[in-house]
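> A structural model of the following input is requested.
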Amino acid sequence: MPTNSPIYLPYDDYAQSANTLFHFMKKQEYLNSILLRRAIIPRYCIETIDYLNIRNGTRLFNEAAILQTCFCDIPFHKLADSFAVNGVGDVYESLSKDERADLEKNNTHFAYYGEYAVAFSKSWGEKKHLQPVHYLNKNSQYAKDFSALFSRVFQDDDIPEEYSQDVINRLAYIKPLRGIMKRRITRRDSSSATIEIYKNFHDEREWRYVPNVEVLTALNTESIIANPYIIPLADEISKGLEQDRYKKLWLDFSYDDIRYIIVPNILARIEIIKTITDLPDSCFENQDDIFMQKNVLISKILVLEEIRRDW
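Residues are numbered from 1 along each chain as shown. Model prediction:
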């Protein structure tokens, strides 16, 4: 019998990409905070938008800080793969042959985004309104039309508010097909350096969570910061969102939603086991047999050191 109702499959149905969404981070303290709060707090991430050539009069917008939480759906067995480095700039050119070899050997997704992660099913992500990023070929007609439309938002006063707001909101879900990404490395002499790498961002297979517009408005919070004088304060502003009064912006979950917890090595596994063991009973929605629930959560821990050897 025909129906207009949507069909929801009772199982994961992604065949060419992972059925899991991974959220990576660089420090264990971030993972501890996520587990304790049972939520991932979005932060303002600075995105390069110069490829869109957006102008307001003579001002060209090269960057924007987008309030977001990022995930990827890279298949598990490819997460530890190392890929070719396409370095650019004076700092990269100054690297020795051995330093470039070191970079090539460890040019993985983990190297850019951290060796700690929490992962959820894609079905969970869909229910939580996550959206795959739209990668734009800057030479496409689509990208040119979007740039022209965005510029009109600044120039024309007769565009209805809901239309102009829609155009601005779309900026939170787009990224260039290719671009420059900075990476901090340790050189052979133990000094640190920031190098620029030309990347194909499409390979990152990014999904984003951007807080609901109505909630943002109620909390007097912007989804996008484009003022060049405020963008440098993005990290400081993001820390302010950790206050409880911003909870409605957070991406919450239950411990049952977690598929995997990834840590870099065996010592980190011990530390995260301690974190889980010390979780207050109040963190658990179901108050029955909390000891067993903690054990189930511990069983989801995977060690990156072992993944690299065995996958």
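> Count the residues that sit near residue 203.
14 (other CB atoms under 10 Å). Heads up, the C-betas are built off the backbone N, CA and C, glycines and all.
> tell me the SS of the residue nearest to it when sequence neighbours are not counted?
Distance criterion CB to CB, 6 or more residues apart in numbering; nearest residue to residue 203, sequence neighbours excluded, is residue 83 at 7.6 Å. With DSSP: H, G, I helix; E, B strand; the rest coil as the basis, residue 83 sits in coil.
> what's the distance between residue 83 and residue 35?
Between residue 83 and residue 35 the computed distance is 30 Å (CB to CB, to the nearest Å).
> quick one, which of these two is more surrounded?
Between residue 83 and residue 35, counted using other CB under 10 Å, residue 35 has the larger neighbour count: 19 against 13.
> which strands and helices sit next to the one helix or strand the more buried one maps to?
Using DSSP states H and E, residue 35 sits in helix 28-37. Applying 3 or more CB pairs under 8 Å, 6 or more residues apart in numbering; DSSP states H and E, one finds that helix 28-37 makes contact with strand 116-121, strand 258-263, helix 266-277.
> So for stretch 275-293, what gets flagged as buried?
With burial defined by 16 or more other CB atoms under 10 Å, the residues of stretch 275-293 counted as buried are 275, 276, 279, 284, 293.
> Make sure residue 77 is indeed in a helix.
Yes: judged by three-state DSSP, residue 77 forms part of a helix.
> Okay, and the beta partners of residue 63?
Counting by DSSP bridges, residue 63 is bridged to residue 48.
> Assess the claim that it and residue 47 are in contact.
Yes: using CB atoms under 8 Å, residue 63 makes contact with residue 47 at a distance of 6.8 Å.
> sorry, back to before: reformat the helices and strands packed on helix 28-37 as TSV; add distance to residue 100 and mean pLDDT.
Formatted as TSV, the helices and strands packed on helix 28-37 follow (distance: least, CB to CB, whole Å; pLDDT from 0 to 100):
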stretch	distance to residue 100	mean pLDDT
strand 116-121	27	96
strand 258-263	28	96
helix 266-277	29	97
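> out of those, deepest packed?
With neighbours taken as mean count of other CB atoms under 10 Å, the helices and strands packed on helix 28-37 reach their highest mean count in strand 116-121, at a mean of 22.
> Note down every partner strand of that one and its orientation.
Next to strand 116-121 in the sheet, as set by DSSP bridges, lie strand 20-25 (antiparallel), strand 258-263 (antiparallel).
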